[in-house]
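Asker: Sequence below, structure please.
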Amino acid sequence: MQHYYLFILMCILLIILPGPDTAMTTKNTLSVGRSGGMKTLFGTCCALMIHTFAAVIGLSAIIVKSALLFSVFKYAGAIYLTYIGFKTLWSLKNTGADAGAEAGTESKYGQKSCFRQGFLTNLLNPKVAVFFLTFLPQFVDRGSDTFVPFLVMGITYTALTVIWFILFIYLINQISTFMKKPSTQKVVQGLTGITLLGFGLKLAFEKAQS
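Answerer: This is a model prediction of the structure:
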């Protein structure tokens, strides 16, 4: 492995860029609370480790090179993100007068799906597989064995993801009083829903060679 510190810097820059994982974590932290955000993060990290091991054994390379498999993952991820986006926008009608009445139900049942949402959002995003197979090799010596370096870099990326999102969840939770005001939450939910829809549509029209 070479330029490990440069790899860490690049990972940090990539992780803090808003994406589907950030949108999902934001949504669940606001709707369920800090525990919802942490469960979403745990789901995301489990998916990242699957991507890591897939890259290590070469499965990601097969997915990237196979137009059919890439399309299966792409459209499954697009449909899921679009569904969550629509669901978030639909929930706007309950924000406000009925929000208090439904808060208990959301808290009770929402946490059960937070892990699943974080897990599926990341796992069904083929661009993560593409990232692992195009980004990681740049930091491995040509012709050397990739098993250990890929594993170390995948774990590093996951660990940095955990650190960033814990800070992000803490920040969102600290300003939750302001963020949970009906007027604020309508804006946030609307933006989150539109963002998820946007990512879903973008993923659906993503070309296989990307």
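Asker: The closest residue to Asn28 other than its chain neighbours: neighbour count?
Answerer: Closest residue to Asn28 apart from its sequence neighbours, by Cβ to Cβ, 6 or more residues apart in numbering: Gly36 at 4.1 Å. (Glycine included, C-beta is placed from N, CA and C.) Neighbour count of Gly36, defined by other Cβ atoms under 10 Å: 27.
Asker: host element of Gly36?
Answerer: For Gly36, the enclosing helix or strand under DSSP states H and E is helix 34-57.
Asker: From Ile169, how far off is the residue nearest to Asn28?
Answerer: Note on Gly36: its distance to Ile169, by Cβ to Cβ, to the nearest Å, is 9 Å.
Asker: Find the residues that touch each one of those two.
Answerer: Here Gly36 and Ile169 have Thr29 as joint contacts, going by Cβ atoms under 8 Å, 6 or more residues apart in numbering.
Asker: What pLDDT does the model give Ser210?
Answerer: Per-residue pLDDT puts Ser210 at 42.
Asker: Likewise for Lys207?
Answerer: On pLDDT, Lys207 comes in at 60.
Asker: repeat for Lys112
Answerer: pLDDT at Lys112 comes out at 63.
Asker: So which residues of this structure form helices?
Answerer: Under the criterion DSSP state H, helices of the chain are mapped to 4-16, 20-32, 34-57, 59-65, 67-90, 99-123, 126-135, 147-174, 176-179, 182-204.
Asker: winner for burial among those helices?
Answerer: Mean neighbour counts were compared across the helices of the chain using mean count of other Cβ atoms under 10 Å; the top stretch is helix 20-32, at a mean of 25.
Asker: Tally up the residues packed near Leu17, please.
Answerer: Leu17: 7 surrounding residues under other Cβ under 10 Å.
Asker: residue ranges with poor pLDDT in the protein?
Answerer: Residues of the chain meeting the criterion pLDDT under 70: 1-2, 92-112, 142-144, 176-185, 188-189, 203, 206-210.
Asker: what separates stretch 60-69 from the chain centre, distance-wise?
Answerer: Distance, stretch centre to chain centre, for stretch 60-69: 21 Å (Cα atoms, centre = their mean, to the nearest Å).
Asker: CA atoms only for it, dumped as CSV, please.
Answerer: Once non-C-alpha atoms are left out, stretch 60-69 reads as follows in CSV (Å, rounded to 0.1, in the frame of the first residue of the first chain):
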residue,chain,number,x,y,z
SER,A,60,-17.4,-5.9,-7.0
ALA,A,61,-15.3,-6.1,-10.2
ILE,A,62,-17.8,-8.6,-11.6
ILE,A,63,-20.7,-6.3,-10.8
VAL,A,64,-18.9,-3.3,-12.4
LYS,A,65,-18.0,-5.2,-15.5
SER,A,66,-21.4,-7.0,-15.9
ALA,A,67,-24.0,-4.6,-17.5
LEU,A,68,-26.8,-6.8,-16.3
LEU,A,69,-25.7,-7.0,-12.6
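Asker: Cool, thanks, signing off.
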